[in-house]
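Student: sequence first, predicted model second:
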Amino acid sequence: MDLFQFSVPIQIRMSDLDPFAHVNNGAQCHYFDFGRSNYLEHVLDTVIDWTTFDLVLVHVGMDFKDSITFHDQLVCESKVTVIGNKSFRMEQQLRDTRTNRVKTTCECVLAGIDRATMKGIVIPEEYKQRFRTFEHLHD
């Protein structure tokens, strides 16, 4: 199993369930958003204002490995795996803490953005250093 330095508990709501009583795919996207936001606030040591923040999500890919049901005890685990010049890659997973089974995996890419011009920018060096330190990554 991959090592994740960061996790956040996920509360499953009745409204997250589909007609099969499984958590639907859209709700799982929200879980990953929640985990990603908490990860970034933790590692960057700030409360993020998403209307001005200089990162934007540009890619999401999810693999559904097992159904999630209402009584699963989920955590969303997140990590930065690759840091580029203008973007970085994250891996995430939803894992049931009772069974240790990974239910869904997610790979996403975030890119630097200038909110005034809506153009791509270089990821701030401070962010890169914080990710490297937290994840024990090398240049």
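Tutor: Noted; the coordinates are in hand.

Student: contact partners of stretch 70-82?
Tutor: Contacts made with stretch 70-82 from outside it, assessed by Cβ atoms under 8 Å, 6 or more residues apart in numbering, are listed as 2, 4-10, 12, 14, 17, 21, 23, 31-32, 34-36, 38-39, 43, 68, 88-98, 103, 131, 134-135, 137. Where C-beta positions appear, they are placed from N, C-alpha and C, glycine not excepted.

Student: give the other helices and strands that the longest helix along the chain contacts.
Tutor: Among the elements of type helix in the chain, defined by DSSP state H, the one spanning the most residues is helix 25-44. Judged by 3 or more Cβ pairs under 8 Å, 6 or more residues apart in numbering; DSSP states H and E, helix 25-44 is in contact with strand 6-10, strand 55-64, strand 74-83, strand 87-96, strand 102-114, helix 125-135.

Student: re the thing from before, hmm, which of the contacts of stretch 70-82 are the buried ones?
Tutor: Listed as buried from these are 4, 6-8, 10, 12, 17, 23, 31-32, 34-36, 38-39, 43, 68, 88, 90-96, 103, 131, 134-135; burial here means 16 or more other Cβ atoms under 10 Å.

Student: I'd say residue 107 and residue 57 touch.
Tutor: No: taking Cβ atoms under 8 Å as the contact criterion, residue 107 and residue 57 are not neighbours in contact, 11.8 Å apart.

Student: residue nearest the centroid of the chain?
Tutor: With distances taken as Cα atoms, centre = their mean, the chain has residue 36 as the residue nearest its mean C-alpha position (3.0 Å).

Student: and the pLDDT for that one?
Tutor: In the predicted model, residue 36 carries a pLDDT score of 98.
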